[in-house]
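Q: Give me a 3D structure for the following:
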Amino acid sequence: MPLFIYTFFFALRMVLKKGISPLTKGTIIGEAWGLFSVLSFALGLVASYLIPIVLLMLHYTSCYEDKLRVYYVSDPRLCMMIEKK
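A: All right, here's what the predicted structure looks like:
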């Protein structure tokens, strides 16, 4: 998503600029937006690999009863609490 937003603003800047010459001077907003884009992309990439690994490392089991089979709990005794509600 940040790449899409960055491309949109870059295209908008090129459309509003006079002539076809390349951009020679960056702005503070452009530098800040570029830094934000890179950091959010890196964070998203790390999170997309880290979250599934963490969830795989946690030991969750499904409840043993058929009607509660869709619930995953860390301790099978918690299934009794779900059933009471």
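
Q: Okay, now the unreliable bits of this protein?
A: 1-2, 18-24, 83-85 (pLDDT under 70).

Q: What is the longest helix of the chain by residue count?
A: Determined from DSSP state H, the single longest helix within the chain is helix 28-57.

Q: Against residue 37, how distant is residue 47?
A: Distance, residue 47 to residue 37, by Cβ to Cβ, to the nearest Å: 16 Å. (Each C-beta comes from the backbone N, C-alpha and C, glycine too.)

Q: Counting neighbours, go ahead and name the busier of those two.
A: Shown here are residue 47 and residue 37; by other Cβ atoms under 10 Å, residue 37 has more neighbours (18 against 11).

Q: pretty sure that one is touching residue 4, no?
A: No: taking contacts as Cβ atoms under 8 Å, residue 37 lies outside contact range of residue 4: 10.0 Å.

Q: re the thing from before, would you check the distance separating the longest helix of the chain from the middle of the chain?
A: Taking the mean of its C-alpha atoms, helix 28-57 sits 7 Å from the chain's own mean (Cα atoms, centre = their mean, to the nearest Å).

Q: Other residues contacting the helix or strand just after it?
A: Later in the chain than helix 28-57, the nearest helix or strand by DSSP states H and E is strand 61-62. Contacts to strand 61-62, defined as Cβ atoms under 8 Å, 6 or more residues apart in numbering, come from residues 68-74, 76.

Q: Could you give the separation of strand 61-62 from the chain centroid?
A: 26 Å.

Q: what's the next helix or strand after it packed up against?
A: Per DSSP H and E, strand 61-62 leads on to strand 72-73 as the next helix or strand towards the C-terminus. Strand 72-73 makes packing contacts with strand 61-62 when contacts are defined by 3 or more Cβ pairs under 8 Å, 6 or more residues apart in numbering; DSSP states H and E.

Q: Just give the number of residues close to residue 79.
A: Neighbours of residue 79 (other Cβ under 10 Å): 17.
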